[in-house]
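Enquirer: model this:
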Amino acid sequence: MINKNSIFFNNINSRKKSLLYWCLALSALTIFIIYMYDSVGQEASKLLESTESDGIKAFIGPDAQGGTPAGWLGFELYGIFLPICLAIITIGYGAGAIGSEEESGTLELLLASPISRSKILTEKVLALIIIATIIPSINFVAVCLGSLLFNFKIAIFDVFLCSISLILFGIFFGCFALMMQTITKKRSLGISLTAAYVGGAYFMYTLYSLLDWLEPMKFFSPFYYYDGNKILQGAADPFHFTIMLVGIIFTCSITYISFSKRDTGI
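Expert: This is a model prediction of the structure:
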């Protein structure tokens, strides 16, 4: 039975409206993109196959395609757009999970209650996992619906795997923001540092195909391990899923150490 007074429930409940709006907007956009495939999908394919496409792929990912339903969905949605949207949501939550409590002065009251720091952090992270899972899951349903409505022939299992990878991607950046906030003790600084990492990681992933000296840097980019374009094209790599999971465990461990040792006067 769900405890409606729990930290976990309150964190989810406080964000239910914004999550609903995000889900509705992205689902509608997904169905519209699927609808548009017959009209402009082949044009996108010609653009990506042209001699000038290197510059374009440098900003949307080296594995982008457009001539197939899988390539089109990756090009328009799962390649860059959805990961960035999910990162924005999870970073905001991650940096504010402890940071907002600290800024409002409620963290001291929370720590003074008979709830351990590990339980507080666990419930905050569980709420982050749920938040990061909701949008990709609803979007997966939207893809299934759109494929039925418009005869959009795509391998649903590949979309499912891409959604799992997207969830891990979102959780990682949320946990990274939480880690940065607990280390710096500043919510705004946690957001700024994580946003800087997102921007740097994005360019590590997209520009390595143009700049040879950047290629080793791609291994430090979560975008490289997520790579929605490849997964939708049936090239999912279990090792990449594992790396993202390890990254989540690592950031959570550092967060726990930092938070458990923080001196708040309690």
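
Enquirer: Which parts of the stretch 51-200 of the chain are helices?
Expert: Taking DSSP state H, counting those that start in this stretch to define them, one finds helices in the stretch 51-200 of the chain at 53-60, 69-73, 81-104, 106-112, 117-149, 156-184, 187-207.

Enquirer: To K230, which of those lies closest?
Expert: Among the helices of the stretch 51-200 of the chain, the nearest to K230 by CB to CB is helix 156-184 (9.1 Å). Yep, even glycine has a C-beta here, placed from its N, CA and C like the rest.

Enquirer: roughly how far out does the closest one sit from the chain middle?
Expert: Its chain's average C-alpha position is 4 Å from that of helix 156-184, according to CA atoms, centre = their mean, to the nearest Å.

Enquirer: buried residues in it?
Expert: Of all the residues in helix 156-184, those buried under the rule 16 or more other CB atoms under 10 Å are 158-184.

Enquirer: Can you check what angle separates it from helix 187-207?
Expert: 140 degrees (axes from the mean of the first three to the mean of the last three CA atoms, to 10 degrees).

Enquirer: Quick check: mean pLDDT of helix 156-184?
Expert: Averaged over helix 156-184, pLDDT sits at 95.

Enquirer: Only the buried residues of stretch 122-142, if you could.
Expert: Buried residues in stretch 122-142, counted by 16+ other CB under 10 Å: 123-125, 127-129, 131-140, 142.

Enquirer: which residues are in contact with that stretch?
Expert: Stretch 122-142 is contacted from outside by 6-8, 11-12, 15, 19, 22-23, 26-28, 30-31, 82, 85-86, 89-90, 93-94, 97-98, 159-160, 163-164, 166-167, 170-171, 174-175, 178, 252, 255, using CB atoms under 8 Å, 6 or more residues apart in numbering.
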